[in-house]
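S.K.: Provided below for reference: sequence and predicted model.
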Amino acid sequence: MSSFVIKIPCSSANIGPGFDVIGLALSLHLDLHVTVEAKPSSQLPFNCAITYEDQSKSVEQISLDPEVNLITRVALYVLRCHDQRAFPVETKVHIVNPIPLGRGLGSSGTAVVAGVMLGNEVGKLGLSKERLLDFCLMIERHPDNVAASLFGGFVGTYLNELKPEDVARKEIPLSEVLPAPAGGVDTGIRPPAPPMAIGHYRKFNWAPEIKAIAIIPNFVVPTANARNVLPETYSRADVVFNLQRAALLPAALGSSPPDPDMIFLAMQDKVHQPYRKTLIPGLTEILQFMTPATQPGLLGICLSGAGPTILALATDRFTEIADRIIAQFASNDISCQWKLLEPAHDGATVTYN
Ligand SMILES: Nc1ncnc2c1ncn2[C@@H]1O[C@H](COP(=O)(O)OP(=O)(O)OP(=O)(O)O)[C@@H](O)[C@H]1O
Ligand SMILES: N[C@@H](CCO)C(=O)O
């Protein structure tokens, strides 16, 4: 029998101006406790039994069917790309999840990374993390969450342009998130493997004084909905506004001691937050009244990923900052939980027992 634990940090994407580009892995981890028993045969579907421990207080029921559950279907996709139709006999996966679903802390990206790590490990595939990123990008198209969860830390990401022959392969998903199991239901045919080296990342410094306060409202904003409210085109002025700030952001958050005015300015955005205000009551007011001038200890504030979580970066007065944001949500009859988090520099890890 072999037994191991896969640990994946959650992530906050965008950090203001870095829409679909910048991500930060944070110290709230999804754990998979995996055992593989060498048995002659199994009655389990795809040889896999899932158990799920919800520590996130989410209302959504997570499927325990290995071909439906996001983590195990991604693992099956990776295995089937390598001519392994099912999990080894007999695989048990116990998922412990403290990451709230659909709140902007990259729960889906974390689950996708967990899936590729699981497939790689049980299939003894020996794929590098760089190659696993390609598999992640077949399922979740924007690289900011998955690269942060996989590699850890504060990252800038980019995609290579696909070659014309890959664009022509209709099975390569160009949607943001695959609507159906990656590779489809098991037809016995090998699903399409990703092109090589689609996604890339670069780690930035992070000043050790800076902590992340996540204020998590008690409602869900599915990422797909939050992407549907964005415009297809932008004005040149808005694009330049974001480029200027995105160019400043890594230096601002990597410099010690942190400069609150520079960080606050570097976290401004005109590409996604203004449009997502319609989905998040109170967002406009929170982004307006929480500044380093009105709130000591605060450095900068933004929507975490697609929301509705607010990410406030700060050096101290964490409770006071969280309480003010929670009070603003409360005036819209929205309750919140909050967490004080730090960058998770290690990314995804596997530890054998
Ligand atoms: N641990 C998990 N196991 C199985 N499915 C999961 C898990 N975590 C997330 N999911 C799936 O991902 C969906 C949430 O994805 P979505 O992209 O909408 O939000 P998010 O990733 O939490 O937020 P954001 O992308 O803005 O950071 C859930 O509704 C669920 O279907
Ligand atoms: N960059 C993505 C992150 C959410 O998954 C977005 O803002 O839509």
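M.R.: The structure has been received and is ready for your questions. Ligands and ions are numbered 1, 2, ... in the order given.

S.K.: Apart from its chain neighbours, what residue comes closest to residue 117?
M.R.: Leaving aside its chain neighbours, residue 117 sits nearest to residue 6 (4.9 Å; criterion: C-beta to C-beta, 6 or more residues apart in numbering). In this view, the C-beta of every residue, glycine as well, is placed from N, C-alpha and C.

S.K.: how far away is that neighbour from residue 79?
M.R.: 15 Å (C-beta to C-beta, to the nearest Å).

S.K.: and if you look at residue 191?
M.R.: Using C-beta to C-beta, which is the criterion applied here, residue 191 is 10 Å from residue 79.

S.K.: Which one's more surrounded, these two?
M.R.: Neighbour count, other C-beta atoms under 10 Å: between residue 191 and residue 79, residue 79 has more, with 24 against 18.

S.K.: Measure how far the regular element (helix or strand) spanning the more buried one is from the centre of its chain, please.
M.R.: Using DSSP states H and E, residue 79 falls within helix 70-80. For helix 70-80, the separation from the chain centroid amounts to 17 Å (computed by C-alpha atoms, centre = their mean, to the nearest Å).

S.K.: Output the contacting helices and strands for it.
M.R.: Contacts defined by 3 or more C-beta pairs under 8 Å, 6 or more residues apart in numbering; DSSP states H and E place helix 70-80 against strand 48-54, strand 91-97, helix 107-122, helix 129-137.

S.K.: Give the other helices and strands that the one helix or strand residue 240 maps to contacts.
M.R.: Using DSSP H and E, residue 240 maps to helix 236-254. Helices and strands touching helix 236-254, by 3+ C-beta pairs under 8 Å, 6+ apart, are strand 22-36, strand 154-159, strand 199-204, helix 260-266.

S.K.: got the angle for the first one vs strand 91-97?
M.R.: What that stands for is strand 22-36. Using axes from the mean of the first three to the mean of the last three C-alpha atoms, to 10 degrees, the direction of strand 22-36 lies 140 degrees away from that of strand 91-97.

S.K.: mind checking the SS state of the residue nearest to residue 117?
M.R.: What DSSP: H, G, I helix; E, B strand; the rest coil gives for residue 6 is strand.

S.K.: Give me every residue in the stretch 101-250 of the chain lying close to ligand 2.
M.R.: Taking C-beta under 6 Å from any ligand atom, the part of the stretch 101-250 of the chain that reaches ligand 2 is made up of 142, 144-145, 223, 226-227.

S.K.: Confidence-wise, which helix or strand of the chain is lowest on average?
M.R.: Lowest mean confidence among the helices and strands of the chain (mean pLDDT, DSSP states H and E): helix 164-168, at a mean of 67.

S.K.: Can you give me the pLDDT of residue 198?
M.R.: Note for residue 198: predicted pLDDT of 88.

S.K.: Return the residues in contact with it.
M.R.: Residue 198 is in contact with 133-134, 137, 159-160, 162, counting by C-beta atoms under 8 Å, 6 or more residues apart in numbering.

S.K.: Using PyMOL, define a selection of the buried residues within those residues.
M.R.: Those of the contacts of residue 198 that count as buried under 16 or more other C-beta atoms under 10 Å are selected in PyMOL with:
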select buried, resi 133+134+137
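
S.K.: Give me the number of neighbouring residues for the residue nearest to residue 340 when sequence neighbours are not counted.
M.R.: In this structure, residue 340 finds its nearest non-sequential neighbour in residue 318, 5.2 Å apart by C-beta to C-beta, 6+ apart. Applying other C-beta under 10 Å, we find 18 residues neighbouring residue 318.
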